[in-house]
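> Quick check, what structure comes out for this input:
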Amino acid sequence: MQSTSPPEAFPAQTPAVTQIFTTVLSHGPLTRSEVAERTGLSAAAVTKAVRPLIEAGYVVEDTDEARRALGRPANPVRVDGGRALFAGVKATGDELIGVLTDLCCRIRVARHLPLTAPAPAAVLAAISELVRELLTEAEGFGVPVLGLGLAVSGDVDRTEGVVRYSPFLEWRDVALGELANSVTGLPVTVENDVRALTVAEQWFGAGVGLSDFALVTVGAGIGCGLVVHGQVVAGAHGVAGEIGHVAIDPAGPMCRCGNRGCVEAIAADQAILARISETTGAAVTDSLHAVDLARRGHPGVREVYAAAGEAIGRGIATVANLFGPERVIISGEGLAAYDLFADQIRDTFAAYAFGSAAQCDVQTRPLPYEEWARGAAATAIQSFIRCDTHQRRTKVLSRA
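All right, here's what the predicted structure looks like:
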């Protein structure tokens, strides 16, 4: 399958154009003087940069929303979300979640597709099928699909488009970007799923306008995305933010990473289910069942959730102590049980956060599973705007 969208490059000749467009994308509509104030660029530089964006249709003027600026009316500019579409796919151990978003990362179409097997060939075939469905849906919007983002758990090298290691899929060194480009014809961005969700929150969600924040995800694993000085941090080896594998109890349960007492070994969904079965003898089928037992007061179940909350609180305090973020956003499918461990998270964080780190704003943000795929689409939008190296290479491949 090849995309029917013609190759298209974003009109960003300079870093200033990219900065200005990103500012309008996240904060707009803004007048040119407001853009200049936010970016620290001169009014002349903003005017010069906005012109090709308007000519290419990526930015439009709101002539009906004129504001007063130094006694003269000023037309705000905003990104035309309908100018282009992007696809995003999140891979779990048993399904793919796919979305089609506009340029402002608003979900237009969402699809789920079961995975029959975790092998790369089977997942690639499923990605091809799902993207084909999304491209068919895109035809009704009359604008091109300009990129595909893929979000996978584990150690992901975004620059090379390679999944170094994914525990849930049991992959090692899979060149997913190149493979997905070959079957879809789209420029492909591959990113760790938590970092992809962090990009979406940075540009379009609870992290907009923040220079330093962290996103902690609770569910099948315990993940953490970090934004430091306005940049999503991957680290030298692509595994920055792995608070799920911070050991907090040397005598605790064995973690899948081989160590004992990691936050994930205490607070991830499977760890909670295993601990409930071990300590209560209850035959727990899934997380919904476990939550129901806890809320009905089954002996011992609430204590397991309390221990999970304490572990998460310790992990968040570690992030606050090391990086000093302005905000920590807690999200993920595990928030369905948040009422069972919210007090423990809050109290443990307060006890272990050092000094002014305790002033960090800790928020919860329940998000549906489609938001993970939206995060993947956000990375594709980011790559398109920034003309990333791997993005350019896959464009060349798509023309071949």
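
> same for the strand or helix carrying Gly149, what does it pack against?
Applying DSSP states H and E as the criterion places Gly149 in strand 145-152. Using 3 or more Cβ pairs under 8 Å, 6 or more residues apart in numbering; DSSP states H and E as the contact criterion, the secondary-structure elements in contact with strand 145-152 are strand 85-91, helix 120-138, helix 176-184, strand 188-192, helix 193-204, helix 370-386. All C-beta atoms are positioned from the backbone trio N, CA, C, and that covers glycine.

> What pairs with the following helix or strand past it, parallel or antiparallel?
Later in the chain than strand 145-152, the nearest helix or strand by DSSP H and E is strand 155-157. Each strand that pairs with strand 155-157, with its direction, by DSSP bridges: strand 162-166 (antiparallel).

> which ones are touching Leu150?
With Cβ atoms under 8 Å, 6 or more residues apart in numbering as the criterion, the residues that contact Leu150 are Gly88, Val89, Ala91, Ile127, Leu176, Gly177, Ala180, Val188, Thr189, Val190, Glu191, Ala376.

> coming back round to it: most tightly surrounded among the helices and strands packed on strand 145-152?
The highest mean neighbour count among the helices and strands packed on strand 145-152, using mean count of other Cβ atoms under 10 Å, belongs to strand 188-192: a mean of 31.

> Pretty sure Ala117 sits in a helix.
No. Secondary structure of Ala117 (DSSP: H, G, I helix; E, B strand; the rest coil): coil, not part of a helix.

> picking up where we left off before, partner strands of the strand holding Gly149 and their direction?
Sheet neighbours of strand 145-152, with direction, are listed as strand 85-91 (parallel), strand 188-192 (parallel) (DSSP bridges).

> and the helix or strand that comes right after the longest one, how far out from the chain's middle?
Meaning strand 85-91. Scanning the chain past strand 85-91 towards its C-terminal end, the next helix or strand to appear is strand 95-102 (assignment: DSSP H and E). The offset between the C-alpha centroid of strand 95-102 and the centroid of the whole chain comes to 13 Å, using Cα atoms, centre = their mean, to the nearest Å.

> before we move on, what about stretch 202-214?
Relative to the mean C-alpha coordinate of its chain, stretch 202-214 is positioned 11 Å out (Cα atoms, centre = their mean).

> same question, stretch 209-217
With Cα atoms, centre = their mean as the basis, the distance from the averaged C-alpha position of stretch 209-217 to the chain average is 11 Å.

> in it, what counts as buried?
Buried residues in stretch 209-217, counted by 16 or more other Cβ atoms under 10 Å: Leu210, Asp212, Phe213, Ala214, Leu215, Val216, Thr217.

> Could you tell me how many residues sit around Glu303?
With neighbours defined by other Cβ atoms under 10 Å, the count for Glu303 comes to 14.

> residues near the closest residue to Met254 other than its chain neighbours, how many?
Across the structure, with Cβ to Cβ, 6 or more residues apart in numbering as the measure, the residue nearest Met254 apart from its sequence neighbours is Arg260 (5.6 Å). As a burial measure, the neighbour count of Arg260 was computed by other Cβ under 10 Å and equals 14.

> How much space separates Arg260 from Phe349?
Applying Cβ to Cβ, to the nearest Å, one obtains 23 Å for the distance of Arg260 from Phe349.

> Tabulate the CA atom coordinates of the strand holding Gly149 in PDB.
Coordinates of each C-alpha in strand 145-152 appear next as PDB, following Å, rounded to 0.1, in the frame of the first residue of the first chain:
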ATOM      1  CA  VAL A 145      -2.200  12.900   5.200                       C
ATOM      2  CA  LEU A 146       1.400  14.200   5.700                       C
ATOM      3  CA  GLY A 147       2.800  11.800   8.300                       C
ATOM      4  CA  LEU A 148       2.400   8.800  10.400                       C
ATOM      5  CA  GLY A 149       3.400   8.500  14.100                       C
ATOM      6  CA  LEU A 150       3.900   5.100  15.800                       C
ATOM      7  CA  ALA A 151       4.000   4.900  19.600                       C
ATOM      8  CA  VAL A 152       5.500   1.800  21.200                       C
END
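
> residue nearest the centroid of this protein?
Centrality entry for the chain: nearest residue to the mean C-alpha point is Leu197, 1.0 Å, by Cα atoms, centre = their mean.
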